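Enquirer: Need a 3D model of the sequence below.
(one chain, ligands or ions: 1)
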Amino acid sequence: MSFVKFLGIGSAAPEKVLSNFDFEKMIDTSDEWIRSRTGISERRIAEPDVASSDLAYEASIKALEDASIGPEDIDGIIVGTITPDFIFPSTACVLQSLLGAKNAFAFDVLAGCSGFIYALHVAKGLIQGGSAKKLLVIGAETLSKIMNYEDRTTCILFGDGAGAAVITASETPGILSSCLGANGDGWEYLYMPGGGSRMPTSEESVKNGSHFLQMQGKEVFKEAVKALQSSSLEAIKQAGITPDQIDLLIPHQANYRIIEAVRKRLELPEEKVFSNLDRYGNTSSASVPIALDEAVKSGRLKKGDIVVFSAFGAGFTWGASVVRW
Ligand code: COA
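Expert: Residues are numbered from 1 along each chain as shown. The predicted structure follows:
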């Protein structure tokens, strides 16, 4: 069986910044409350005419350049997203057209904030099973489009962005392990009620705000800490290493207090945990690949280092992966 490694990465975020101070003018909140409860200072917001595939496109072009290959060299595109351009067709198909990636199959993965980790796991399996050699794996979100900017318990948390990775069959190992999990009993804690077959869009559904993300933050918080810890440990075990061998943990960027709780449970020093949450907020599927791109570009992650990705999201879903960079 062949190994799978990363060949290129890239990320993109809209230029427009929405800061905590902007929120002070919009809702009953404060910069102090948001920073102390979440660690977030600002997030990026897409313009009205920008969809998730547009951010995915920007990130993908950078990842392809980084990998020194063209769109026609890609065998498949997998996009993790909870804010697709449309319910159907997939955002991956729209992206395939934008890129002109004529030889690629394309589909989306819907796994909440674990979308990139789920997509990576599936992509690894496809390559190892011989179905593809080079795949584009993306997390792309425009969460601002499903935010209720009158609900202070959710709107301060989320932002827009995309991260992309080219992965390839390899003779040397890159991805050392990967594991996924889910608990569907938690679906109601974090979801968007309207617009699907359960509650098709109607005048009433829009009036009720059913087209916005809804969340019970406290429950999600507790489950996130547990799942991020257990999935990281599972992936570390599967990789045949111990936590002290980790050079960098890139956890899903949801809340600074969640990241800190996980760091302490894994007994990692602060310098071994990457966070850019303060500048992006929670970008769901895009959070891990954007953070990965920044970790590499800033020199925090170097060739040969061992990095752990872990994520948790709506569903509930979770997953982790250990990679020798
Ligand atoms: N500004 C000011 N006050 C706010 C506020 C805001 N933006 N949002 C909530 N509050 C208020 C609440 O109304 C509540 O007031 P009350 O005591 O008068 O009822 C008080 O702050 C405490 O709210 P609580 O929900 O207990 O705060 P918390 O410490 O649990 O923090 C979250 C709330 C949402 C930040 C936190 O629960 C969280 O981060 N959860 C996980 C969310 C997440 O990461 N989801 C995605 C996972 S993939």
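
Enquirer: Okay, strands next: where are they in the stretch 1-150 of the chain?
Expert: For the stretch 1-150 of the chain, applying DSSP state E, counting those that start in this stretch gives strands covering 3-12, 17-19, 42-44, 76-80, 105-109, 134-142.

Enquirer: so how many other residues sit close to K207?
Expert: 8 (other Cβ atoms under 10 Å). Heads up, the C-betas are built off the backbone N, CA and C, glycines and all.

Enquirer: Who are the contact partners of it?
Expert: Shown in contact with K207 (Cβ atoms under 8 Å, 6 or more residues apart in numbering): no residues.

Enquirer: Equivalent analysis for L190, please.
Expert: G112, L213, Q214, M215, Q216, V220, G313, A314, F316.

Enquirer: And for it, nearest residue in space, chain neighbours not counted?
Expert: Spatial nearest neighbour of L190, excluding adjacent residues (Cβ to Cβ, 6 or more residues apart in numbering): A314 at 4.1 Å.

Enquirer: wait, doesn't that neighbour sit right on C113?
Expert: Yes - the criterion here is Cβ atoms under 8 Å, and A314 meets it with C113 at 6.8 Å.

Enquirer: In terms of neighbours, single out the busier of those two.
Expert: Shown here are A314 and C113; by other Cβ under 10 Å, C113 has more neighbours (33 against 23).

Enquirer: Return the per-residue confidence for the closest residue to that one other than its chain neighbours.
Expert: Distance criterion Cβ to Cβ, 6+ apart; nearest residue to C113, sequence neighbours excluded, is G313 at 2.9 Å. pLDDT, G313: 98.

Enquirer: Near G313, how many other residues are there?
Expert: G313, neighbours per other Cβ under 10 Å, totals 29.

Enquirer: residues touching it, list them.
Expert: With contacts defined as Cβ under 8 Å, 6+ apart, G313 is in contact with I82, A111, G112, C113, S114, G115, L190, H252, S284, S285.

Enquirer: Next up, phi/psi of it, please.
Expert: Phi and psi for G313, reported as degrees, to the nearest 10, are phi -160, psi -170.

Enquirer: What's opposite it in the beta bridge?
Expert: T317 (DSSP bridges).

Enquirer: among the contacts of G313, who's most crowded?
Expert: Using other Cβ under 10 Å as the neighbour criterion, S285 leads the contacts of G313 with 36 neighbours.

Enquirer: is it fair to say that residue lies in a strand?
Expert: No - assessed with DSSP: H, G, I helix; E, B strand; the rest coil, S285 is helix; it does not lie in a strand.

Enquirer: Kindly report the residues of the stretch 51-200 of the chain close to the ligand.
Expert: Within the stretch 51-200 of the chain, the positions near the ligand by Cβ under 6 Å from any ligand atom are C113, R152, T153, I156.

Enquirer: Identify, from the contacts of G313, the entry nearest to the ligand.
Expert: C113 (3.8 Å; Cβ to the nearest ligand atom).

Enquirer: check contacts around the closest one.
Expert: I82, H252, A254, N282, S284, S285, S287, A311, F312, G313, A314, T317.

Enquirer: quick one: which two of the residues you listed are the most distant?
Expert: Distance extremes for the contacts of C113: the farthest pair is N282 and T317 at 14.6 Å, using Cβ to Cβ.

Enquirer: how about the residue in the stretch 151-300 of the chain positioned nearest to the ligand, what does it touch?
Expert: Nearest residue of the stretch 151-300 of the chain to the ligand: G217, at 2.9 Å (Cβ to the nearest ligand atom). Counting by Cβ under 8 Å, 6+ apart, G217 touches T153, T154.

Enquirer: cool, and E223?
Expert: Residues counted as contacts of E223 (Cβ under 8 Å, 6+ apart) are N183, G186, Y189, F312, F316.
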